[in-house]
Structures are given as structure tokens and as C-alpha cells.
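Colleague: predicted model follows, preceded by the sequence.
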Number of protein chains: 2
Amino acid sequence: MAKLIHTMIRVRELGRSLEFYRDAFGLTESYRLDFPDFALVYLHNAENDFEIELTWNKGREQAYTHGDGYGHVAVAVSELEAERTRFAALGFEPTLVKEFKEGDQLLARYFFVQDPDGYKIEVLEKSGHYV
Amino acid sequence: MAKLIHTMIRVRELGRSLEFYRDAFGLTESYRLDFPDFALVYLHNAENDFEIELTWNKGREQAYTHGDGYGHVAVAVSELEAERTRFAALGFEPTLVKEFKEGDQLLARYFFVQDPDGYKIEVLEKSGHYV
């Protein structure tokens, strides 16, 4: 059966992306393939084995475009408010915490943050389906 | 620590997307939130606990746009050629199998396929880093 193993995004400045994913989510480099024109860097942490693949096309100057189809990657964290406060202190400009409800039932609590290239990441409180 | 739990894409016709992800990758619905204007459907299989979230904005008619930033989700499979043959028989139009080498060293064998909304999925042979 097919195993989901990574998602790939293109980034313009590898260093700032590595710093962001490390500081925000504890994701660090597990594997790198480096060529003259491009590099592929895989990011991983101990929570599971799904990875983010950063593609760095060296010399790309214009910002990447995002379209309106792809949405985001989501992470689950134990302490949502504490993470949001930490992100704000790091200058990551997280959105406010939002609650997603159906009637009185709380379905999810989350905020969003953007990486240095403008990819959105949803940070969900570990609860219900989001664990 | 943050756990990567899902990636979200917007799809125009939920039924055809559910069929594609089921038939291609054995991913089936684990959770659904259904509202008058939109639905969120999470897809999962037994290989790991990372999911694909389909957002279906009901009534959306125009195709979603993809930009040039986001790349793809990747899956690893044991039998690459057999999967490619199966995909072709299902009408999924997989690319040819490609080999990614550095000198004589084989780094990866893979093909690509697109889902009904044009999102690319990389199908990698389970080997090396891609397991």
C-alpha cells in the first residue's frame, strides 16, 4: 500500500526556511541532495516520519506564486496559546487563535502562521481528530 | 513538539477526488465535517497517520489554480512498475518511470500522477531515504 512520506514546497532562500521550520516546529534536516543548480532538503522531527521536502532552485529571484488550490500543512501541538505566544515573540506574526464550532460543539482550536515564502501552516490544538 | 498531521487541498468535485485517492493510494475517509457551504474530508490509510484533507467548497465552478510554489505530495510503494501499470489501466495517465542518479548512484526511482484537480503526486519506489 502507498505510504504518504513527504510534501514538497519550493523555497527561495534555503537558510531562512531551515531556521523557520526548526524554530517553529522543531523540524531539522534528515537528508540532503545538493547539486549545482538545486538542492533538496528533507525536514523531520521525532513526532512522526512524514517529512517536508524543501526544493531550493539556486538563483531563483522572484517570489513563488501560490494559486488558490493548495491550502496548507497542519501540525498539532499540546499547548496552543503558549506556542502562539512563542511564535509572536519570534516575529512569526501568527493569527489570533480561532475556534471552529458546530453549534455548541468545539471541533478545533487553531491559528495560522506563514513560512518565509508565504506557505500557510495551520497549528491545531491536539484534540479530537487532530492528534 | 509539533506533529505533522495533514496537508489540505481544495477540490472541485468531491466524489471524483474520493474515488481517485481510494483507487490510487488506498486512502479512505477517516473523518468528515459537512456544512451547508463546504465540507472537510480527511483521507487516511494504514501505512501511517498523516492524512490528506480535502476541502470541498460547494458550488465552486472554476478550476483551482496552482501557482509555481507548491510542488506535490509523495508516496512510497513497494512495486513501482506494477503500480504504474495499474494506474495506466485505471486511466490516471502516469508519467514514465524516471531514475534520479548522482553519477552511478541511484537515488530514487519514481513517476508522477495528477489527481482530478491537477495536484501532482510523486510515487517513489521504497528505497534509500524514501521508505
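Modeller: Okay, I see it.
Colleague: for the longest helix along chain A, buried residues please.
Modeller: With DSSP state H applied, the helix covering the greatest number of residues in chain A is identified as helix A:14-25. Of all the residues in helix A:14-25, those buried under the rule 16 or more other Cβ atoms under 10 Å in any protein chain shown are A:S17, A:L18, A:F20, A:Y21, A:A24, A:F25. (C-beta placed from N, C-alpha, C; glycine too.)
Colleague: quick one: it to chain centroid distance?
Modeller: 9 Å (Cα atoms, centre = their mean, to the nearest Å).
Colleague: between the buried residues of helix A:14-25, which is closest to chain B?
Modeller: Closest approach between those and chain B, by Cβ to the nearest Cβ: A:F25, at 4.0 Å.
Colleague: nearest spatial neighbour of the closest one, chain-adjacent residues omitted?
Modeller: For A:F25, ignoring the flanking residues on the chain, the nearest one in space by Cβ to Cβ, 6 or more residues apart in numbering or on different chains is B:A2 at 4.0 Å.
Colleague: in terms of contact, does the one you found touch A:E79 like I think?
Modeller: No. Under the criterion of Cβ atoms under 8 Å, B:A2 makes no contact with A:E79, lying 10.7 Å away.
Colleague: just to revisit the earlier point, by contact count, what packs against the very next helix or strand once past the longest helix of chain A?
Modeller: The C-terminal neighbour of helix A:14-25 among helices and strands, as given by DSSP states H and E, is strand A:28-34. Taking 3 or more Cβ pairs under 8 Å, 6 or more residues apart in numbering or on different chains; DSSP states H and E as contact, the helices and strands that strand A:28-34 lies on are helix A:14-25, strand A:38-44.
Colleague: the same query, at a cut-off of 7 Å, please.
Modeller: Other elements packing on strand A:28-34 under the criterion 3 or more Cβ pairs under 7 Å, 6 or more residues apart in numbering or on different chains; DSSP states H and E are strand A:38-44.
Colleague: would you indicate which residues of the strand it packs on are buried?
Modeller: With the criterion 16+ other Cβ under 10 Å, strand A:38-44 contains buried residues A:L40, A:V41, A:Y42, A:L43, A:H44.
Colleague: and that strand, which strands flank it?
Modeller: For strand A:38-44, the paired strands and their directions (DSSP bridges) read strand A:28-34 (antiparallel), strand A:51-57 (antiparallel).
Colleague: quick check: mean pLDDT across that strand?
Modeller: Over the span of strand A:38-44, the pLDDT mean works out to 98.
Colleague: which secondary element of chain A has the worst mean pLDDT?
Modeller: The helix or strand with the lowest mean pLDDT-type score in chain A, counting by mean pLDDT, DSSP states H and E, is strand A:98-102 (a mean of 95).
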